[in-house]
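Participant: I need the structure of the sequence given here:
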Amino acid sequence: MSTDTLLILGAGGNGHVIADLADRSGQWSRIAFLDDAAAKSDADYQWEIIGKCGDLSDHVSGFTHGIVAFGDNELRSHWLSHLQESQLVMAVIVAESAEVSSRASLGPGTVVMPQAAVNIGVRTGPGCIINTGASVDHDCLLGESVHIAPGAHVGGDVAIGDRTWIGIGSSVRHGITIGNDVMVGAGAAVISDLPDECTAVGVPARART
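Facilitator: A predicted model of the protein is given here:
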C-alpha cells in the first residue's frame, strides 16, 4: 500500500474534484483538507477537514504531499507561496482521461482535469489548473496560478502571465501573449495581445482596464 499522503488546501467544489481525481488514482493512502469552514468532516464524502489553512504548519508532519485547490487564482497563489515554504512535496494531479504529452512540463501543484489536452512543448508554472475539456496546444508557456477554464482552447506558442484566467469556452489564437492578472471572459475569442490587469470580453475580445 502506498505511503503517500495528500493534504489539500481548500475544500470547495474545485477541492472536491481534485480529491476525487487523487482518490481514483490509487496513489494516496490518506487525503484530507485544510479549509476555513467550521465543519470537521464532509458529510457527503469521506475526506476530513482537519483544520484551517492557517494551521498548515501544524499538519505538515502528517503528510508527504500538498496541493492548493482554490479556484480563485489570487487566493491559490497566496496559499501556494505558503505551501512552497513548507516541507511538503507539491503534488501534480492528472486525470486518467486527460492527454498530457510526455514532452510537456507541468509545474508543481498543477492539476489537469478530465478530457483536457496538453501538447508537446507546453510548460506550466506552479499551481496551474487546466480544467475539464480544455486544451493547451504546442509550446505554450503558462505562468504561476493560471486557470484555463472548462472547454477553453489555447492555440500554439501562446504565453500567459501569472494568475490569468482564460474563461469557459473561450479561445486564444496561436502566438498571442497575455499579461499577468488578466480575466478573459466566457466565450471570448482572443486574437490580439492583452496587457496586464485587464478584462477581455467579446468576439473578438476587447481589453478593458
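
Participant: the domain parsing of this protein - what is it?
Facilitator: Listed by automatic domain parsing, the domain ranges of the chain are 5-91, 92-200.

Participant: hey, which of these is tucked in deepest?
Facilitator: For the domains of the chain, the largest average neighbour count (mean count of other Cβ atoms under 10 Å) is found in domain 92-200, namely a mean of 20. For glycine as for every other residue, the C-beta is placed from the backbone atoms N, C-alpha and C.

Participant: I'd like the average pLDDT over that domain.
Facilitator: Domain 92-200 shows an average pLDDT of 98 in the prediction.

Participant: List the contacts of V68.
Facilitator: 8-10, 76, 79-80, 83, 109, 127 (Cβ atoms under 8 Å, 6 or more residues apart in numbering).

Participant: And R123, by the same measure?
Facilitator: Counting by Cβ under 8 Å, 6+ apart, R123 makes contact with 104-105, 107, 140-142.

Participant: follow-up on the earlier one: could you dump the domains of the chain to a markdown table with distance to T209?
Facilitator: Listed next are those as a markdown table, based on distance: least, Cβ to Cβ, whole Å:
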| stretch | distance to T209 |
| --- | --- |
| domain 5-91 | 17 |
| domain 92-200 | 5 |
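
Participant: which one of the contacts of R123 sits closest to G62?
Facilitator: Distance to G62, by Cβ to Cβ, is smallest for G107 among these, at 24.9 Å.

Participant: CA-only coordinates of stretch 193-208 in CSV, if you can.
Facilitator: What follows is stretch 193-208 as a C-alpha-only set of coordinates in CSV (Å, rounded to 0.1, in the frame of the first residue of the first chain):
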residue,chain,number,x,y,z
ASP,A,193,-2.1,40.5,-27.3
LEU,A,194,-3.6,41.6,-24.0
PRO,A,195,-1.8,43.8,-21.4
ASP,A,196,-1.5,43.1,-17.6
GLU,A,197,-4.5,43.6,-15.4
CYS,A,198,-7.3,43.9,-17.9
THR,A,199,-10.6,42.1,-18.6
ALA,A,200,-11.2,41.0,-22.2
VAL,A,201,-14.6,40.0,-23.4
GLY,A,202,-16.4,39.5,-26.8
VAL,A,203,-15.7,38.2,-30.2
PRO,A,204,-13.1,39.4,-31.0
ALA,A,205,-12.1,40.1,-27.4
ARG,A,206,-11.5,43.7,-26.4
ALA,A,207,-9.5,44.7,-23.4
ARG,A,208,-11.0,46.8,-20.6
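
Participant: The contacts of R123 in strands, which ones?
Facilitator: Judged by DSSP state E, the contacts of R123 include 141-142 as members of strands.

Participant: okay, the contacts of R123 in TSV with distance to D35 next?
Facilitator: Converted to TSV, these look like this (distance: Cβ to Cβ, whole Å):
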residue	distance to D35
A104	31
S105	30
G107	23
C140	32
L141	31
L142	26
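
Participant: returning to what we had before: I'd like the contacts of V68 as TSV, with distance to D20 and secondary structure appended.
Facilitator: Output for those, formatted as TSV (distance: Cβ to Cβ, whole Å; DSSP: H, G, I helix; E, B strand; the rest coil):
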residue	distance to D20	secondary structure
I8	11	strand
L9	16	strand
G10	14	coil
R76	18	helix
W79	20	helix
L80	21	helix
L83	20	helix
G109	17	coil
G127	19	coil
